[in-house]
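Trainee: I would like to see how this sequence folds:
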Amino acid sequence: AIHDSSDRAYPPQCHPSTRKRLRERVAKWGIGDGNDGRMLWLLGLAAVGKSAVAQTIAEEFQEAGRLGASFFFSRPNHLNNPDTVIPTLVYQLATKVPQYKHIINTRLADDPWILKKNRRTQFRELVIEPFHILMTQYPHTIQQPLLIIIDGLDECVGKQAQCEFIDMISTHVRQVDKFPLRWMVCSRPEWHLESMLSDPDYHVVCKREELQLDDGEAREDVRRLLEVEFDKIRKRYRARLPDGWPPEHYFYRIVGTASGHLGFASFVLRFIGDKEHGDPDGQLKVCMKFLGGDGVLGGINPLHALDLLYRQILSDIPADDLPTTMRILGLLILYPSFTDSADELAKFLILDPGKFYHLLERLHSVLHVFLSDGAPLERL
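Mentor: Next up is the predicted model:
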């Protein structure tokens with residue numbers, strides 16, 4: 001779906017005070033001169049705010065007249081068909097560049113079956129070749145690079161299709177200098193994408209930005225977000241909530257538990273500020289019980305939406321691999337201070353190293369997996 005599509009009526013967005021340095025770096029890259037790579041991979045674990053960053057960048061570039069096109073994948077909303085991507089991008093580019101629109105109209109009139117051809121052919125005949133014509137025949141048509149954003153690539157149907165998009169874009173970027181398009185691709189660090197984009201052939205043309213968890217900037221972002229949003233809730237219910245709400249120890253309990261995870265903080269705020277319940281103090285107390293491990297089994301879960309996301313990730317694991325995968329996750333949950341290397345963890349669980357790392361390939365969305373000897377395994 002396009003960034004302002006009705007299918008995304010309430011898209012996630014960055015709070016003005018969060019991810020500021022990252023957004024500034026991405027914006028600077030987006031308007032650059034081409035010497036720092038014309039492809040950017042924004043990666044991050046599940047629910048850390050990649051789509052919010054992509055949405056915010058899309059809106060800012062749209063306002064500045066620099067957004068060429070956008071496509072936001074979403075498996076829960078069934079917006080994950082790879083065959084719809086290129087036609088959607090082409091339509092948007094045609095609305096921005098009249099000369100490009102003329103070229104596309106001519107091509108579609110000459111060959112109406114282009115949209116039935118494979119994705120590589122569409123990419124070449126509807127994106128690359130028309131812009132080559134623009135560059136040679138109308139060199140002053142595009143005065144500044146246009147940004148194309150593809151968000152949630154990991155939610156596209158089929159790993160082969162995901163890798164195909166990366167290969168098409170990066171191959172084009174490697175082969176052509178001074179092309180007026182810049183590509184921003186956002187995804188979880190799934191193993192097949194990570195291994196592909198870590199290859200030297202891709203790495204040299206692709207700038208990499210990662211949404212970090214539990215670093216100083218992320219923790220400060222969470223604190224600011226909670227301060228601002230709790231203040232809004234307090235003002236909305238000023239007749240019922242005292243000036244000191246929420247209690248300081250509750251506030252810092254949430255900050256500490258979030259550990260720099262903006263998605264976690266956002267889900268908590270959504271639960272507490274739910275207008276249908278209209279009882280933020282009661283919701284806050286339920287949340288505190290839940291975070292303290294005192295929630296009632298089968299009762300209200302403030303993080304239900306986050307649980308659904310993780311359940312979706314686990315549902316992709318083959319049934320034969322699931323029991324052993326759960327052993328790995330279970331150990332990390334029961335012993336969060338486990339600091340041995342990934343290799344030591346495999347030995348502890350009496351698992352063959354090859355099998356162990358094969359299982360971890362499906363957990364890159366929820367675990368920081370380092371393949372170097374002696375490196376730790378970090379959980380989300």
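Trainee: Give the helix, strand or coil label for residue 12.
Mentor: Here residue 12 is recorded as coil under DSSP: H, G, I helix; E, B strand; the rest coil.
Trainee: mind checking how far it is from residue 124?
Mentor: Separation of residue 12 from residue 124 (C-beta to C-beta, to the nearest Å): 33 Å. From N, CA and C alone the C-beta is placed, and that goes for glycine too.
Trainee: Tell me which of these two has more neighbours.
Mentor: The neighbour count for residue 12 versus residue 124, taken as other C-beta atoms under 10 Å, is higher for residue 12 (17 against 14).
Trainee: In a helix, residue 40, correct?
Mentor: No: Residue 40 is assigned strand when assessed by three-state DSSP, not a helix.
Trainee: Who is it paired with across the strands?
Mentor: residue 184, residue 207 (DSSP bridges).
Trainee: dump the residue contacts of it.
Mentor: 26, 29, 30, 182, 183, 184, 185, 206, 207, 208, 209 (C-beta atoms under 8 Å, 6 or more residues apart in numbering).
Trainee: just curious, which of these is nearest to residue 351?
Mentor: Proximity of those to residue 351 (C-beta to C-beta) peaks at residue 208, which lies at 30.3 Å.
Trainee: how many other residues sit next to that closest one?
Mentor: For residue 208, using other C-beta under 10 Å, the count is 13.
Trainee: So it is in contact with residue 194, correct?
Mentor: No: counting by C-beta atoms under 8 Å, residue 208 stays clear of residue 194, with 10.3 Å between them.
Trainee: so what's in contact with those two at the same time?
Mentor: residue 43.
Trainee: so how many other residues sit close to the closest residue to residue 355 other than its chain neighbours?
Mentor: Closest residue to residue 355 in three dimensions, ignoring its sequence neighbours and counting by C-beta to C-beta, 6 or more residues apart in numbering: residue 324, at 7.7 Å. Number of residues near residue 324 (other C-beta under 10 Å) recorded here: 15.
Trainee: Can you give the domain ranges for the protein?
Mentor: 6-210, 216-303, 317-379 (automatic domain parsing).
Trainee: In a markdown table: those domains, plus distance to residue 311.
Mentor: What follows is the domains of the chain, written out as a markdown table (distance: least, C-beta to C-beta, whole Å):
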| stretch | distance to residue 311 |
| --- | --- |
| domain 6-210 | 11 |
| domain 216-303 | 12 |
| domain 317-379 | 11 |
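Trainee: So what touches whichever strand or helix holds residue 249?
Mentor: Using DSSP states H and E, residue 249 sits in helix 248-258. Residues outside helix 248-258 that contact it (C-beta under 8 Å, 6+ apart) are 219, 222, 223, 226, 230, 264, 265, 268, 284, 287, 288, 291.
Trainee: buried sites along whichever helix or strand comes after that helix?
Mentor: Next helix or strand after helix 248-258 toward the C-terminus (DSSP H and E): helix 262-272. Using 16 or more other C-beta atoms under 10 Å as the test for burial, helix 262-272 gives 262, 263, 264, 265, 266, 267, 268, 269, 271, 272.
Trainee: ok, now which ones touch the spatially closest residue to residue 37 that is not a sequence neighbour?
Mentor: The spatially closest residue to residue 37, leaving aside those adjacent along the chain, is residue 207, at 4.3 Å (C-beta to C-beta, 6+ apart). Going by C-beta under 8 Å, 6+ apart, residue 207 touches 29, 36, 37, 39, 40, 41.
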